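Enquirer: Model the following, please.
(one chain, ligands or ions: 1)
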Amino acid sequence: MIADAAAQREIKLGFLRDACRGLPGAADTEPRWVSSPDAFGYRRRARFAWHGNTLGYRALHSKHVNDIDECIVLVPPLRAAWTAVRTRLTDALAGSGEIQLQLGSGRRVVAALITGADPTPALFDACGALSADPSIAGVSLRTADGGAPATWGDEHVVLFSQANAGINDTLVRTVAELAAPEGLRVLELYSGIGNFTLALASRSPSALVAVEQDPRAVEICQATLEGRGLRARVTAGDASQPPKGRYDVVVLDPPRQGARALFERDELWPGPKRIVYVSCDTATLSRDLRIATGRGYRIDRMIGFDMFPQTAHLESLVRLVRA
Ligand SMILES: C[S@@+](CC[C@H](N)C(=O)[O-])C[C@H]1O[C@@H](n2cnc3c(N)ncnc32)[C@H](O)[C@@H]1O
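Expert: Numbering: from 1, shown residues only. Predicted coordinates:
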């Protein structure tokens, strides 16, 4: 049974309230909620796994694989591709591994397989058969210890930032509004392919520095900025050691692990007048907010974005201002 939309909202806003509870500003800040335009069929990438012939999702915090024949939160092309994967690969799988599905050319899907052990000839044949399915643009197969993958078809993926396109537009707009970068020096950390960078750059900051560790994402971000006539300094590097300088606004969107190493750097404080923190993990968000509020900040905005309806995951945005 799935909780209805109102129950999911209350549960997830509870995660956000808990993350901020007791911190300066939290008691005076009523959390806002942004629903996903699509409650189902919204997710445009997925990571599955197999163990033996069982194909599905890994159970939470476990290596166990739950057999999943259909996933209703995936966008239609990924749903069709998952059916093809199960049909074509199940009998050829052994050991364990991972299958990532992402959109590729022509709204068809790229399946990237990573095996724990050397692939068998049967798996090679099955990958070839999978690549011929109309839902599939391409397939790649590699072992977990690296090395060049074997490929079939067109295995180039369309790089998106957030998994749910429908709600991402609102997230980007809100980040830019709350950052209010006009005429200010802005530091954006964990910038990916520039999802927020473009919106920040278009609001005429006096300077914008973005940091991302993936050089390919940095290149895409730079090219997109250039294509739109926007300016920012985008650098490939570790966001926990940002370029030295004085910034009025910091925007960050770290992976699940959060940004503890960054927040624990003495040089960051006394820091910007506001920090816009986008998080996909309320536990690490809470830990980092505790550090920032201990350094003289208070919370003045809390927003839950329902990026992942029907799941226990939440995308949160918290703004901190100097107390
Ligand atoms: C949650 S994504 C956010 C991307 C972007 N803000 C967006 O909306 O698409 C986190 C990003 O942080 C990058 N990343 C992870 N660890 C990093 C680090 N130590 N330094 C810089 N970037 C890092 C990842 O490559 C990824 O692009």
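
Enquirer: Contact residues of the stretch 101-250 of the chain facing the ligand?
Expert: Residues of the stretch 101-250 of the chain lying near the ligand by C-beta under 6 Å from any ligand atom: 161-162, 190-192, 195-196, 211-214, 217, 238-240. C-betas here are computed from N, CA, C, even on glycine.

Enquirer: ok, of the residues you listed, which one's closest to Phe124?
Expert: Closest approach to Phe124 among these (C-beta to C-beta): Asp214, at 29.5 Å.

Enquirer: separation between that closest one and Ser62?
Expert: According to C-beta to C-beta, to the nearest Å, Asp214 and Ser62 sit 28 Å apart.

Enquirer: With Arg260 instead?
Expert: For Arg260 relative to Ser62 (C-beta to C-beta), the value is 25 Å.

Enquirer: Same question for Glu212.
Expert: For Glu212, the distance to Ser62 - C-beta to C-beta - is 31 Å.

Enquirer: Looking at the two, which has the bigger crowd around it?
Expert: Glu212 (24 against 8; other C-beta atoms under 10 Å).

Enquirer: Give the full set of residues in contact with that one.
Expert: Taking C-beta atoms under 8 Å, 6 or more residues apart in numbering, we find Glu212 in contact with 190-192, 218, 221, 234-237, 239.

Enquirer: Give me the buried entries from the residues you listed.
Expert: Burial by neighbour count, judged by 16 or more other C-beta atoms under 10 Å, picks out 190-192, 218, 221, 234-235, 239 from these.

Enquirer: what lines up beside the helix or strand of the chain with the lowest mean pLDDT in the sheet?
Expert: None of the helices or strands of the chain scores lower by mean pLDDT, DSSP states H and E than strand 146-153, at a mean of 90. Applying DSSP bridges, strand 146-153 is found paired with strand 136-143 (antiparallel).

Enquirer: And the partner strand, how far out from the chain middle?
Expert: Between the centre of strand 136-143 and the centre of its chain there are 22 Å (C-alpha atoms, centre = their mean, to the nearest Å).

Enquirer: which residue of the chain sits farthest from its center?
Expert: Pro121 (34.6 Å; C-alpha atoms, centre = their mean).

Enquirer: Convert the C-alpha atoms of stretch 232-242 to CSV, please.
Expert: Taking C-alpha atoms only, stretch 232-242 is exported to CSV below (Å, rounded to 0.1, in the frame of the first residue of the first chain):
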residue,chain,number,x,y,z
ALA,A,232,31.1,32.5,-14.7
ARG,A,233,34.4,31.0,-13.7
VAL,A,234,33.8,27.2,-13.6
THR,A,235,36.6,25.2,-12.1
ALA,A,236,37.2,21.5,-11.8
GLY,A,237,38.2,20.8,-8.2
ASP,A,238,37.2,19.7,-4.7
ALA,A,239,34.4,21.8,-3.3
SER,A,240,35.6,21.3,0.2
GLN,A,241,38.6,23.4,-0.7
PRO,A,242,37.0,26.2,-2.7
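
Enquirer: Quick one: mean pLDDT over it.
Expert: Over the span of stretch 232-242, the pLDDT mean works out to 96.

Enquirer: Stretch 91-98 too?
Expert: 94.

Enquirer: And it, end to end?
Expert: End-to-end span of stretch 91-98 (C-alpha to C-alpha, to the nearest Å): 16 Å.

Enquirer: Could you pull out the buried residues of that stretch?
Expert: 92-94, 96-98.

Enquirer: The residues you listed into TSV, with extra columns for secondary structure and distance to the ligand?
Expert: Below are those laid out as TSV (DSSP: H, G, I helix; E, B strand; the rest coil; distance: C-beta to the nearest ligand atom, whole Å):
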residue	secondary structure	distance to the ligand
Ala92	helix	32
Leu93	coil	29
Ala94	coil	32
Ser96	strand	25
Gly97	strand	23
Glu98	strand	18
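
Enquirer: Out of those residues, which is nearest to Thr174?
Expert: Glu98 (32.9 Å).

Enquirer: Give me the phi and psi for the residue nearest to the closest one when sequence neighbours are not counted.
Expert: Spatially, and ignoring its direct neighbours in sequence, Glu98 is nearest to Ile114 (4.7 Å; C-beta to C-beta, 6 or more residues apart in numbering). Dihedral angles of Ile114 (phi, psi; degrees, to the nearest 10) stand at phi -130, psi 120.

Enquirer: Show me the beta-bridge partners of Ile114.
Expert: Beta-bridge partners for Ile114, by DSSP bridges, are Glu98, Arg142.

Enquirer: shaky segments in the stretch 51-200 of the chain?
Expert: Residues of the stretch 51-200 of the chain meeting the criterion pLDDT under 70: none.
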